[in-house]
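Visitor: need a structure here:
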Amino acid sequence: MTAHEDLFTEIKAGYPKLEKDRAQVEPYLTLKVLAKDVAAFFAFLKDTLGFDYLDMVTAVDWKGPVNRLGYITEPNPNPFLPDGATPQVQQAPAAPNVAYRESFEVVYLASALSRGRKVMVKAEVPRNSPNLPSLAGLYKTADWQEREVYDLLGVTFDGHPNLKKILTPDFIQGHPLRKDYVHQKDRYDD
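Guide: Sure, this is the predicted structure:
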């Protein structure tokens, strides 16, 4: 058995609802959990299997190509672009082999430092109500990472002790990394 299969068997023995994600992210064992099970699953990983460090929390917006409304679309905003060069201002087409959907996929990477093991965990939440339980009470590193995902994509982490914007100024409306985000001109655009 490979190290991934061993780890999957060990985790699955204690958490039978688990499944492997069909899109494995090498070099990590990549697992899929239901959004409602995130807190319980990470408590199991930490308390039972020694996954004592949360390396990363991020998210992917699966809506489709980026909406370019509100962004610079002049044919040549760069005066140093050589004559005859073709600027890229057209709307990006949908990629043919990507399964677009109305959801966000929140991605976690956890480590068992003493055992030298890592596991990637994905949880999907709907775009219209992207809520997950916060892991800030379990891992201190979740605090600012969850705030970043909240600020840029609008995923709410229930139970977070200080869920507020961390990167964008308060006057920015919306969540700039959402694919349907439309930039509203402000005093910095002139």
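
Visitor: now do the strands in the protein.
Guide: Taking DSSP state E as the criterion, the chain contains strands spanning 19-20, 29-32, 53-61, 103-112, 117-126, 131-133, 156-158.

Visitor: between the third one and strand 117-126, how many degrees?
Guide: On the basis of axes from the mean of the first three to the mean of the last three C-alpha atoms, to 10 degrees, strand 53-61 is oriented at 30 degrees to strand 117-126.

Visitor: got a list of contacts for strand 53-61?
Guide: Outside of strand 53-61, the residues within contact range by C-beta atoms under 8 Å, 6 or more residues apart in numbering are 42, 104-113, 118, 127, 135, 138-139, 141-142, 145-146, 148-149, 153, 155, 177-179. Any C-beta I mention is one placed from the backbone N, CA and C, and that applies to glycine too.

Visitor: ok, the residue nearest the centre of the chain to residue 110 distance?
Guide: Residue closest to the mean C-alpha point of the chain, counted by C-alpha atoms, centre = their mean, is residue 59 at 0.9 Å. As for residue 59, its distance to residue 110 is 16 Å (criterion: C-beta to C-beta, to the nearest Å).

Visitor: buried residues, stretch 130-146. List them.
Guide: Within stretch 130-146, the residues scored as buried using 16 or more other C-beta atoms under 10 Å are 130, 132-136, 138-139, 141-143, 145-146.

Visitor: check stretch 39-46 too.
Guide: 39, 41-42, 44-46.

Visitor: what do you get for stretch 115-134?
Guide: 117-125, 127, 130, 132-134.

Visitor: one more: stretch 4-15?
Guide: Going by 16+ other C-beta under 10 Å, stretch 4-15 has these buried residues: 4, 7-8, 11, 15.

Visitor: for stretch 177-184, same thing?
Guide: By 16+ other C-beta under 10 Å, the buried positions in stretch 177-184 come out as 177-178, 181, 183.

Visitor: now render the residues you listed as CSV, adding distance to residue 20 and pLDDT.
Guide: Below are those laid out as CSV (distance: C-beta to C-beta, whole Å; pLDDT from 0 to 100):
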residue, distance to residue 20, pLDDT
177, 27, 92
178, 28, 93
181, 32, 88
183, 38, 78
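
Visitor: contacts only, for residue 12.
Guide: residue 18.

Visitor: do the same with residue 146
Guide: Contacts of residue 146 (C-beta under 8 Å, 6+ apart): 57, 134-136, 157, 160, 163.

Visitor: how far away is it from residue 140?
Guide: Relative to residue 140, and taking C-beta to C-beta, residue 146 is found at 11 Å.
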